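Build me a model from this:
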Amino acid sequence: MKMKPFYTRIQFIISIVILSFVLVCGTILYLNFNKNMNLHKYLIIDEIVYFDNKEFQAQSVNLTAINLGRQIGITDEDQQVFEILNQNSNEWICIRHDGLETVYKESNVPFLIVEKFNTDKIVEHDETQLSGQQITIVDMSIIAKVLSYIKDENIVNDSDLHSNIVKLNLYSEKYPGLCFILYYLHDIDSGNCFIYDPNLETTWAIGHELMEY
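Just a heads-up that it's a prediction; the model follows:
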(Lines give C-alpha, C1' and ligand atoms only; values in the text may rest on other atoms or scores of the structure.)
Protein backbone atom coordinates (compact mmCIF):
# COMPACT_ATOMS: atom_id res chain seq x y z
CA MET A 1 0.00 0.00 0.00
CA LYS A 2 2.90 2.38 0.62
CA MET A 3 3.87 2.08 -3.09
CA LYS A 4 0.49 3.27 -4.35
CA PRO A 5 1.21 7.05 -4.17
CA PHE A 6 4.31 6.54 -6.33
CA TYR A 7 2.34 4.73 -9.03
CA THR A 8 -0.39 7.34 -8.78
CA ARG A 9 2.15 10.08 -9.49
CA ILE A 10 3.51 8.11 -12.49
CA GLN A 11 -0.01 7.64 -13.85
CA PHE A 12 -0.71 11.33 -13.36
CA ILE A 13 2.46 12.31 -15.26
CA ILE A 14 1.63 9.88 -18.08
CA SER A 15 -1.89 11.32 -18.28
CA ILE A 16 -0.50 14.85 -18.53
CA VAL A 17 1.91 13.80 -21.30
CA ILE A 18 -0.86 12.08 -23.26
CA LEU A 19 -3.19 15.04 -22.79
CA SER A 20 -0.49 17.48 -23.97
CA PHE A 21 0.18 15.32 -27.02
CA VAL A 22 -3.53 15.20 -27.87
CA LEU A 23 -3.85 18.97 -27.45
CA VAL A 24 -0.82 19.64 -29.70
CA CYS A 25 -2.11 17.27 -32.39
CA GLY A 26 -5.56 18.78 -32.15
CA THR A 27 -4.15 22.29 -32.49
CA ILE A 28 -2.11 21.33 -35.55
CA LEU A 29 -5.13 19.67 -37.18
CA TYR A 30 -7.30 22.69 -36.39
CA LEU A 31 -4.74 25.14 -37.80
CA ASN A 32 -4.32 23.09 -40.98
CA PHE A 33 -8.08 22.72 -41.37
CA ASN A 34 -8.61 26.43 -40.77
CA LYS A 35 -5.82 27.28 -43.22
CA ASN A 36 -7.31 25.07 -45.93
CA MET A 37 -10.76 26.55 -45.32
CA ASN A 38 -9.32 29.99 -46.17
CA LEU A 39 -7.66 28.83 -49.40
CA HIS A 40 -9.27 29.10 -52.82
CA LYS A 41 -10.36 25.80 -54.34
CA TYR A 42 -8.96 25.00 -57.78
CA LEU A 43 -10.35 22.21 -59.96
CA ILE A 44 -8.25 20.14 -62.37
CA ILE A 45 -9.92 18.55 -65.41
CA ASP A 46 -7.82 17.05 -68.23
CA GLU A 47 -4.73 18.98 -67.07
CA ILE A 48 -6.60 22.31 -67.19
CA VAL A 49 -6.88 24.19 -63.87
CA TYR A 50 -10.17 25.99 -63.25
CA PHE A 51 -10.87 28.78 -60.76
CA ASP A 52 -13.34 31.67 -60.66
CA ASN A 53 -14.33 31.39 -64.35
CA LYS A 54 -10.66 31.25 -65.32
CA GLU A 55 -8.68 28.47 -66.98
CA PHE A 56 -4.98 27.96 -66.39
CA GLN A 57 -2.72 25.88 -68.62
CA ALA A 58 0.73 24.50 -67.86
CA GLN A 59 3.70 26.27 -69.40
CA SER A 60 6.82 24.49 -70.66
CA VAL A 61 8.82 22.74 -67.97
CA ASN A 62 11.84 25.01 -68.44
CA LEU A 63 9.89 28.17 -67.53
CA THR A 64 10.21 28.49 -63.76
CA ALA A 65 9.12 30.85 -61.00
CA ILE A 66 12.02 32.81 -59.50
CA ASN A 67 10.34 33.18 -56.10
CA LEU A 68 6.99 31.99 -54.82
CA GLY A 69 4.68 34.18 -52.79
CA ARG A 70 1.99 33.01 -50.41
CA GLN A 71 -0.12 29.94 -50.92
CA ILE A 72 -3.43 31.11 -52.38
CA GLY A 73 -5.21 27.85 -53.05
CA ILE A 74 -5.36 24.10 -53.17
CA THR A 75 -6.57 21.83 -55.96
CA ASP A 76 -9.07 19.00 -55.74
CA GLU A 77 -6.03 16.70 -55.97
CA ASP A 78 -4.45 18.33 -52.87
CA GLN A 79 -1.81 20.21 -54.86
CA GLN A 80 -0.69 23.55 -53.45
CA VAL A 81 -1.33 26.70 -55.51
CA PHE A 82 1.02 29.66 -55.03
CA GLU A 83 1.23 33.18 -56.33
CA ILE A 84 4.45 34.09 -58.16
CA LEU A 85 6.19 37.14 -56.79
CA ASN A 86 6.15 40.06 -59.23
CA GLN A 87 3.59 38.38 -61.50
CA ASN A 88 -0.18 38.99 -61.63
CA SER A 89 -1.84 35.99 -59.95
CA ASN A 90 -4.84 36.43 -62.24
CA GLU A 91 -2.51 35.54 -65.12
CA TRP A 92 0.24 33.39 -63.60
CA ILE A 93 0.23 30.81 -60.81
CA CYS A 94 2.56 28.02 -59.70
CA ILE A 95 1.35 24.59 -58.59
CA ARG A 96 3.49 22.38 -56.35
CA HIS A 97 2.99 18.63 -56.33
CA ASP A 98 5.34 16.09 -54.74
CA GLY A 99 8.02 18.77 -54.50
CA LEU A 100 7.81 19.66 -58.20
CA GLU A 101 6.69 23.14 -59.27
CA THR A 102 4.92 23.94 -62.54
CA VAL A 103 4.09 27.41 -63.86
CA TYR A 104 0.56 27.88 -65.23
CA LYS A 105 -0.73 30.74 -67.37
CA GLU A 106 -4.30 31.97 -67.70
CA SER A 107 -5.84 30.82 -70.99
CA ASN A 108 -6.01 34.36 -72.46
CA VAL A 109 -2.30 34.91 -71.83
CA PRO A 110 -0.15 33.90 -74.83
CA PHE A 111 1.95 30.76 -74.38
CA LEU A 112 5.42 32.00 -73.55
CA ILE A 113 8.41 30.84 -75.60
CA VAL A 114 12.05 31.89 -75.41
CA GLU A 115 11.84 33.94 -78.60
CA LYS A 116 8.99 36.05 -77.11
CA PHE A 117 10.44 36.36 -73.61
CA ASN A 118 12.25 39.66 -74.22
CA THR A 119 15.41 38.38 -72.53
CA ASP A 120 17.60 41.18 -71.19
CA LYS A 121 19.91 39.19 -68.92
CA ILE A 122 21.54 35.77 -69.10
CA VAL A 123 23.25 34.19 -66.10
CA GLU A 124 25.61 31.28 -66.77
CA HIS A 125 25.81 28.67 -64.02
CA ASP A 126 28.78 26.35 -64.38
CA GLU A 127 27.58 23.50 -62.20
CA THR A 128 30.79 21.53 -62.76
CA GLN A 129 32.69 24.07 -60.66
CA LEU A 130 32.72 23.53 -56.89
CA SER A 131 32.32 27.26 -56.41
CA GLY A 132 29.15 27.30 -58.54
CA GLN A 133 30.68 29.96 -60.78
CA GLN A 134 28.19 32.44 -62.25
CA ILE A 135 28.66 34.86 -65.11
CA THR A 136 26.10 37.55 -65.87
CA ILE A 137 25.59 38.83 -69.42
CA VAL A 138 23.61 42.03 -69.99
CA ASP A 139 25.10 43.06 -73.35
CA MET A 140 21.97 43.12 -75.51
CA SER A 141 23.95 42.68 -78.73
CA ILE A 142 25.39 39.39 -77.41
CA ILE A 143 22.02 38.23 -76.03
CA ALA A 144 20.21 39.01 -79.29
CA LYS A 145 22.88 37.28 -81.37
CA VAL A 146 22.87 34.12 -79.26
CA LEU A 147 19.09 33.81 -79.27
CA SER A 148 18.91 34.50 -83.01
CA TYR A 149 20.38 31.04 -83.60
CA ILE A 150 17.20 29.42 -82.26
CA LYS A 151 15.58 28.50 -85.58
CA ASP A 152 14.94 25.32 -87.53
CA GLU A 153 17.87 25.67 -89.90
CA ASN A 154 20.29 25.44 -86.96
CA ILE A 155 18.86 22.28 -85.38
CA VAL A 156 21.44 19.51 -85.01
CA ASN A 157 21.65 15.94 -83.76
CA ASP A 158 23.48 16.11 -80.44
CA SER A 159 23.85 12.37 -79.85
CA ASP A 160 27.54 12.39 -80.81
CA LEU A 161 28.53 15.49 -78.86
CA HIS A 162 31.04 15.28 -76.01
CA SER A 163 30.22 18.55 -74.36
CA ASN A 164 30.89 20.70 -71.38
CA ILE A 165 27.46 21.79 -70.16
CA VAL A 166 26.60 25.16 -68.62
CA LYS A 167 23.14 26.10 -67.38
CA LEU A 168 21.71 29.35 -68.75
CA ASN A 169 19.09 31.28 -66.78
CA LEU A 170 17.27 33.83 -68.95
CA TYR A 171 15.61 36.83 -67.27
CA SER A 172 13.31 39.57 -68.54
CA GLU A 173 12.08 42.84 -67.06
CA LYS A 174 8.80 42.20 -68.88
CA TYR A 175 8.31 39.01 -66.81
CA PRO A 176 10.15 39.82 -63.56
CA GLY A 177 8.91 36.76 -61.70
CA LEU A 178 9.84 34.18 -64.33
CA CYS A 179 12.99 32.55 -65.64
CA PHE A 180 13.65 30.42 -68.73
CA ILE A 181 16.25 27.65 -68.45
CA LEU A 182 18.42 26.55 -71.38
CA TYR A 183 21.79 24.80 -71.58
CA TYR A 184 24.96 25.92 -73.33
CA LEU A 185 27.05 23.09 -74.79
CA HIS A 186 30.68 23.35 -75.89
CA ASP A 187 31.76 20.28 -77.85
CA ILE A 188 35.20 19.16 -76.67
CA ASP A 189 36.11 17.46 -79.97
CA SER A 190 35.08 20.07 -82.55
CA GLY A 191 35.12 23.23 -80.43
CA ASN A 192 31.64 24.10 -81.73
CA CYS A 193 28.93 25.60 -79.50
CA PHE A 194 25.27 24.75 -79.08
CA ILE A 195 22.14 25.62 -77.11
CA TYR A 196 19.84 22.90 -75.78
CA ASP A 197 16.17 23.34 -74.81
CA PRO A 198 15.16 20.63 -72.27
CA ASN A 199 11.45 21.15 -72.94
CA LEU A 200 11.65 20.77 -76.72
CA GLU A 201 14.58 18.35 -76.42
CA THR A 202 16.13 20.30 -79.28
CA THR A 203 19.71 21.45 -79.88
CA TRP A 204 20.75 24.38 -82.08
CA ALA A 205 24.23 25.17 -83.39
CA ILE A 206 25.32 28.67 -82.36
CA GLY A 207 28.38 30.89 -82.75
CA HIS A 208 31.15 31.38 -80.21
CA GLU A 209 29.76 34.53 -78.58
CA LEU A 210 29.36 32.94 -75.16
CA MET A 211 32.97 31.75 -75.15
CA GLU A 212 34.01 35.36 -74.63
CA TYR A 213 32.73 34.96 -71.08
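
how about the residue nearest the centre of the chain, what does it touch?
Nearest to the geometric centre of the chain sits residue 64, at 4.0 Å (C-alpha atoms, centre = their mean). The neighbours of residue 64, taking C-beta atoms under 8 Å, 6 or more residues apart in numbering as the test, are 101, 103, 178-181. Backbone N, C-alpha and C define where each C-beta goes, glycine included.

Pretty sure it sits in a strand.
Yes - assigned with DSSP: H, G, I helix; E, B strand; the rest coil, residue 64 falls within a strand.

does it have beta-bridge partners, and which?
Listed by DSSP bridges, the beta-bridge partners for residue 64 are residue 179.

a markdown table for the contacts of residue 64, including distance to residue 149?
As requested, these are exported to a markdown table (distance: C-beta to C-beta, whole Å):
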| residue | distance to residue 149 |
| --- | --- |
| 101 | 29 |
| 103 | 25 |
| 178 | 22 |
| 179 | 20 |
| 180 | 15 |
| 181 | 17 |
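
which among those end up buried?
103, 178-181 (16 or more other C-beta atoms under 10 Å).

ok, now how distant is residue 57 from residue 153?
Separation of residue 57 from residue 153 (C-beta to C-beta, to the nearest Å): 30 Å.

Between the two, which has more neighbouring residues?
A direct count of neighbours by other C-beta atoms under 10 Å for residue 57 and residue 153 places residue 57 higher, at 13 against 7.

Bridging across strands, which residues link to the more buried one?
residue 105.

Residue 196 too?
residue 183, residue 203.

Quick one: residues contacting it.
158, 182-185, 202-203.
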